[in-house]
Structures are given as C-alpha cells and as structure tokens.
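# Got a predicted structure plus its sequence, pasted below:
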Amino acid sequence: MTKIKIAICVIICLTIFSFGFLLGRMQFYEHEPLINNLSEAYSYLIYGEDNNGDGIPEMVYAKNGRTGHIDFKGADASFVINAAISATNKGTILIKNGNYPITGIILEGKMDICLVGESWGAKLIATGEDTIIIRIGHRADTSKGCQRITIKNLYLDGSNQATETLQPEYNERRFGIEIAGTQTRDILIEDNYIYNTGSDSIYGYKTGTVIITKNVIEAHRAYWAAIHVHGSYELPHPWIITENIIKNGKGGIRHGRIITNNWLINITVPTGTPTGAIVAGEPGSIIDSNWLYNITGFTGAINDWKGRAVICNNWIEGGDGYAAIEVVGDQTIVANNYIKGYGGVGIRLNTATRCLIVSNILEDVSRGGEWRTPITLTGASTYNVIKDSQIVIFTPPFPYYGIEEKTSIDDYNIFENNVIVGVQVKEILLRGGHSIVKE
Ligand SMILES: [Ca+2]
C-alpha cells in the first residue's frame, strides 16, 4: 500500500510539475514568441508594436542580439532599421513579421550584412511615390560601395510608388531594390516576394557580380524589366539570374550573363531597344531552360542582343510579338528550344551572321497571319546554319513558307535536315543567290 501511495504521489507531483513547466513555457512563448530561440542568430532583431490594431506599428524597435537591449526605437521604421544597419559590422538583421512603412532602407559602405525577414510576413511598404525600398551602394560615390550583402525572405510592396515613365538610368526612384556602383559586388538577392513596383523591381546600376535567385516578382510596372542590370564598359552586366518567377506585369529580365530556369508568365514587353522578355548580356551569355508563357509586346520573348549567346532548352508558349527568339548578333547558338502557339515569327535572324540554329521545334507558330514565316532571315543575315528543325503547323492560318530569306542580301546560308509540315506555298524560300538547301 505504501509503495502504491508513494507511486501515486510521485505521479501527481510529476504531473503538477510538468503542467507548471508547460504553462511557464507557454507564457514565455506568449510574451516573446520565437525571439529568444534566435538570440544568438542575429545582430539586431527588428519588431513593431501595433497598439491600435490597424496593422501598422506605432513603435518599431531594434533589439541588440548580444546584449538584449533595445538600442534604437521610433515611429519611423526606416530610421530604426537604418540605425541597426549602421551599427552592425558583419552580422544579420532579422525583421520580424509585420508591416513596416518604408521611406528608404540604405546600405552604404557596408560589408558582410544579411538583411532577412522572419518570413514573407515581414512586409516593407514603400510610403512615397518615388520611394526606393532598399538601396545597396551608391551610383557615383565608390566609397559607399557594398560587398557581400544578402537580402532575403522579405515582402517588398511598391503599391504606393507612381508608375515610371522615364528611363531609370537617369531617374533613380521607384525601385524595389537598387544595387548601385562599380564597387558594389557579391550581392545575393534571394527568396523575396516583390509586388507592384512603379519602376524596375530589382535594378542594377554599373555593379559588380550579383546573384538574383528564387524571388517572386508580380504585378510590376517596370520601365524596362522586373530584373534589370544597367552595365558599363568595365562591368558588363555580370549578374546570375536563376529560378525566379516573374508574372502578371510589365517587363521580364533585361541583361545578365547567366539567365536560367526562370518562369515568366503573362508578361508585356515594353518598347525600346534592345528589348524582349529576356535580353542577353554581353557575348558569352547563357539563356537556358526558361519557361516563357504568354509573352506579348514589342520584339518578343528572347533576344540575344550582342550575339555569341547560347539560347537553348527554353520553352516558349502562347503570346505574340515580332519573334519568339530574335537573333541580332553574330555566332549565337539557338538549340533545342520548343516554341508553341506563338503569334509572331518563331525564330528571326535579323542582321545575324554565322549563327547555328539547330534542333528547335516550332509548333503552330506564326499565328498572327499567313505572311509570317516560322523561321525568318532578314536584314542581311548571312553565313548561318539552320538545321534539324521541326516546323509543324496543325491549324490555320498556315504560313506561306516554313523558312524564308526575306531579301537577296540574306545570303550564304545553309539549310539542312529540316522537317516542315503545314505550309501553303513552299517549305524553304531562298532569295540569296548563294544559299544551299541539303535534304
Ligand atoms: Ca497601429
């Protein structure tokens, strides 16, 4: 009996203790959810207090991750975040979920800083019509260049920004993120959701190396593009742009040296030169394995710009424009792309020379009228090889030709092993006197 009593006593005591412990933990979490779990993980924790429940904090705090002290606080979120950035020498600034009205977050002359949100619930909202939400570096002052900066896991909202009608090269405003200056390099922009910016969502001005990856950009009112690097002679567009989703907005990806695995959905391409939903950077650019769906507007889906680009394994479906793939340079390779249901020309060689166009499938392209030709050579395109294409038109309007040289100065081209089905007049129309068709 005694043993049983002792056992019961022990069980009761343990239960009470466990309950108390749990209650203590629950209260602890209630007061400071997650914060202390991360106490070693940040230099500063940014959080706000919304007392009247309107979703906007009346007071924003920057808590020092090492001392636990509130080093900065105020009604202005930009002031508090900028103060935390200024006070951080190598470290992470963690922004807790919440809405933060922003007049401009600025990183100048900083290195080894990570600005990271708790999740996409950490929302930075541009307050003014010209607000740049985050600027890294400085266009002209090289002493303000930044290196090894990460911007991650934030929601940037540009809905209050006015729609840009002037070139962002000369009008520095209305961006989601600007990365600027020849001494700004090794920047990582990752996992952000950027919504409804008034100009280009991620804009680069004469920067060094940058990686833009796994961002979702939506409803952007870009001047040029959702992701756009403006280069210089010394620093020609050295950006890697991969695995982003860009949708339901104006402009896609303008320049960049490696542009792969991005999805562009329902994009209107702005007018201007050069243009296209994806525009290559300098010669040597790779545009690989992107999916472009319903791209409309000027020029079209992909543009090789200065040539010597590799454009391969892209899937272009639906949409309309001059050309799904526009080749204007020399020695570009266009290989293994699939173009389906596009309104304009499938592949247009426009003043292109010594290009290799190989193993592309064009299915029901040139939907915009029977005068359009799925593969068109124009503007004195010479010494190109077009081979192993499959051009298949299932539904009218059937184009007059499958492949066409537009004038007699489109010459010295070789056409080989192309399969062409569903044209009205002739599979391949040569106008240059020296071009050759094999098989
Ligand atoms: Ca409030």
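In hand now; what should we look at? Numbers count the residues shown, from 1 in each chain.
# Quick check: residues of the protein near the ion?
Counting by Cβ under 5 Å from the ion, the residues of the chain close to the ion are 50, 52, 54, 56. Glycine gets a C-beta too; all of them are placed from N, C-alpha and C.
# Quick check: the residue of the stretch 301-439 of the chain nearest the ion.
Distance from the ion to each residue of the stretch 301-439 of the chain (Cβ to the ion) is smallest for G319, at 43.6 Å.
# does that residue really touch I302, like I thought?
No - in this structure, G319 is not within contact of I302 by Cβ atoms under 8 Å, at 11.5 Å.
# how close does N244 sit to the ion?
33 Å (Cβ to the ion, to the nearest Å).
# give me every residue that touches that residue.
Neighbour list for N244: 212-217, 226-227, 253, 262-263 [criterion: Cβ atoms under 8 Å, 6 or more residues apart in numbering].
# Next one: it, what pLDDT does it get?
Per-residue pLDDT puts N244 at 98.
# What does it show for phi and psi?
Dihedral angles of N244 (phi, psi; degrees, to the nearest 10) stand at phi -100, psi 150.
# Same check on L107?
phi -110, psi 120.
# neighbours around it, how many?
If you count neighbours by other Cβ atoms under 10 Å, L107 ends up with 24.
# Where does the closest residue to it other than its chain neighbours fall, secondary structure wise?
Setting aside the residues directly before and after it, L107 is nearest to I136 in space (Cβ to Cβ, 6 or more residues apart in numbering), at 4.8 Å. Applying DSSP states H and E as the criterion places I136 in strand 134-137.
# same for the helix or strand following that strand, what does it pack against?
Next along the chain after strand 134-137, taking DSSP H and E as the criterion, comes strand 147-152. In terms of contacts (3 or more Cβ pairs under 8 Å, 6 or more residues apart in numbering; DSSP states H and E), strand 147-152 is packed against strand 111-117, strand 134-137, strand 185-190.
# try it again with 6 Å
Other helices and strands packing on strand 147-152, by 3 or more Cβ pairs under 6 Å, 6 or more residues apart in numbering; DSSP states H and E, are strand 111-117, strand 185-190.
# any chance of those strands in a markdown table, plus mean pLDDT?
Shown next, in a markdown table, are the helices and strands packed on strand 147-152 (pLDDT from 0 to 100):
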| stretch | mean pLDDT |
| --- | --- |
| strand 111-117 | 98 |
| strand 185-190 | 98 |
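# Quick one: closest of these to I105.
I105 lies closest to strand 111-117 among the helices and strands packed on strand 147-152, at 7.5 Å (Cβ to Cβ).
# List the buried residues in that closest one.
113-117 (16 or more other Cβ atoms under 10 Å).
# start to end distance for stretch 302-312?
Start to finish, the residues bounding stretch 302-312 are 11 Å apart (Cα to Cα, to the nearest Å).
# average pLDDT for it?
Per-residue scores along stretch 302-312 average to 96.
# Touching that stretch from outside, list them.
274, 276, 278-280, 283-288, 325-327, 329-336 (Cβ atoms under 6 Å, 6 or more residues apart in numbering).
# So which of the residues you listed belong to strands?
Using DSSP state E, the subset of the contacts of stretch 302-312 located in strands is 278-279, 286-288, 325-327, 333-335.
# Isn't A122 up against I93?
No - counting by Cβ atoms under 6 Å, A122 does not reach I93; the two are 11.0 Å apart.
# Now do the shared contacts for those two.
Residues touching both A122 and I93 by Cβ under 6 Å, 6+ apart: none at all.
# Next secondary structure element downstream of the lowest-mean-pLDDT helix or strand in the chain?
Least confident helix or strand, the chain: helix 2-31 with a mean of 47, by mean pLDDT, DSSP states H and E. The element immediately downstream of helix 2-31 (helix or strand, assigned by DSSP H and E) is strand 44-49.
# following that next one, which helix or strand shows up next?
Once strand 44-49 ends, the next helix or strand along the chain (criterion: DSSP H and E) is strand 59-64.
# Off-centre distance for stretch 252-264?
Between the centre of stretch 252-264 and the centre of its chain there are 7 Å (Cα atoms, centre = their mean, to the nearest Å).
# Pull out the buried positions in that stretch.
252-260, 262, 264.
# go on, stretch 154-165?
So stretch 154-165, judged by 16+ other Cβ under 10 Å, has buried residues 154-158, 160-161, 164.
# Excluding sequence neighbours, find me the nearest residue to G319.
Nearest residue to G319, sequence neighbours excluded (Cβ to Cβ, 6+ apart): I295, at 4.0 Å.
# Show me the shaky parts of this structure.
The model of the chain has pLDDT under 70 over residues 1-40.
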